[in-house]
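J.: What shape does this take:
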Amino acid sequence: MTADFIPADKTDQADDYNERGISFFNLTKYPEAIKEFTKAIKLVETDSDYFYNRGLAYYSMKMLAQAVKDYESALNLSPDNADYHNALASALEDLGDLSGAMKHFDEAIRLENDVPDFYYNRGNVYRKLKKYDGALEDYSKAVELNTADQIFLYRRYELYMELGKYEEAARDMEVAIRLVPGNTFFQVSKADALEKAGRIKEALAILEDVSVSSGVNEEIAAKIDRLKQMSQK
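T.: Have a look, this model is predicted:
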């Protein structure tokens with residue numbers, strides 16, 4: 001018998017605790033999940049998933065320091081797991097450690113370069129660092145890898161608006177609207193981009209359509225009045 005041999009019944013019991021923890025986690029009962037994951041870790045300290053799962057529960061409770069510690073423990077056991085690097089990077093970003101976050105997002109992408117969420121997440125860090133070229137490249141890669149996720153399009157739209165690239169922003173919202181035709185928010189966002197691009201009548205037409213289909217609220221009514229005045233000049 002080797003020194004690191006773990007009896008089968010011990011691993012089975014740890015797996016049971018882990019599965020119970022996952023069930024609690026899925027029910028958003030995070031404190032209960034943490035207790036079960038901790039029981040699993042006490043029985044078997046060499047399973048990286050147990051630490052990772054408990055880290056996710058800590059992260060969901062905004063207990064970021066504890067989440068970071070567990071993610072690091074998971075990575076010590078499985079250093080080539082891209083999901084672990086991504087999770088650790090997200091927690092570090094929330095703690096304000098952008099350089100640490102970037103390091104681990106880089107590593108996640110090095111290990112798995114076809115996961116759109118990794119690029120999206122790293123793009124957010126680039127944006128916080130005001131490295132807009134990097135942010136735009138990563139958002140675009142996320143869009144390329146998953147053309148059906150509107151959040152990737154919207155985040156790139158936001159960046160285009162920030163950079164004054166209003167035509168590109170409008171095109172992104174046009175794609176988002178095709179994905180979700182009834183989304184008023186995307187329609188108004190497209191109108192905002194068109195207005196910035198000087199295409200006042202087109203922006204006005206969109207807002208008037210929105211007011212008919214979804215009803216007029218004060219914000220949209222004010223936009224319509226302003227655009228009408230601008231179109232008459």
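
J.: How many neighbouring residues does the spatially closest residue to Ile109 that is not a sequence neighbour have?
T.: Once flanking residues are discounted, Ile109 sits nearest to Phe118: 5.0 Å by Cβ to Cβ, 6 or more residues apart in numbering. Just so you know, the C-beta spots here come from the backbone N, C-alpha and C atoms, and that holds for glycine as well. The tally of other residues near Phe118 (other Cβ atoms under 10 Å) stands at 27.

J.: got the contact list for Phe118?
T.: Phe118 makes contact with 82, 86, 105, 108-109, 112, according to Cβ atoms under 8 Å, 6 or more residues apart in numbering.

J.: Between all of the residues you listed, which two are separated the most?
T.: Maximum pairwise distance among those (Cβ to Cβ): 11.5 Å, between Phe105 and Glu112.

J.: For these two, indicate the residue with more neighbours.
T.: Counted by other Cβ under 10 Å, Phe105 and Glu112 do not tie: Phe105 has more neighbours, with 28 against 15.

J.: what sits against the more buried one?
T.: Applying Cβ under 8 Å, 6+ apart, the residues near Phe105 are 85-86, 89, 118, 121-122, 125.

J.: Let me see the confidence value for it.
T.: On the pLDDT scale, Phe105 is placed at 98.

J.: element containing it?
T.: Using DSSP states H and E, Phe105 maps to helix 98-111.

J.: ok, now Phe25?
T.: Applying DSSP H and E, one finds Phe25 within helix 8-26.

J.: which helices and strands sit right next to that helix?
T.: The elements that helix 8-26 packs onto, with contact taken as 3 or more Cβ pairs under 8 Å, 6 or more residues apart in numbering; DSSP states H and E, are helix 30-43, helix 48-60.
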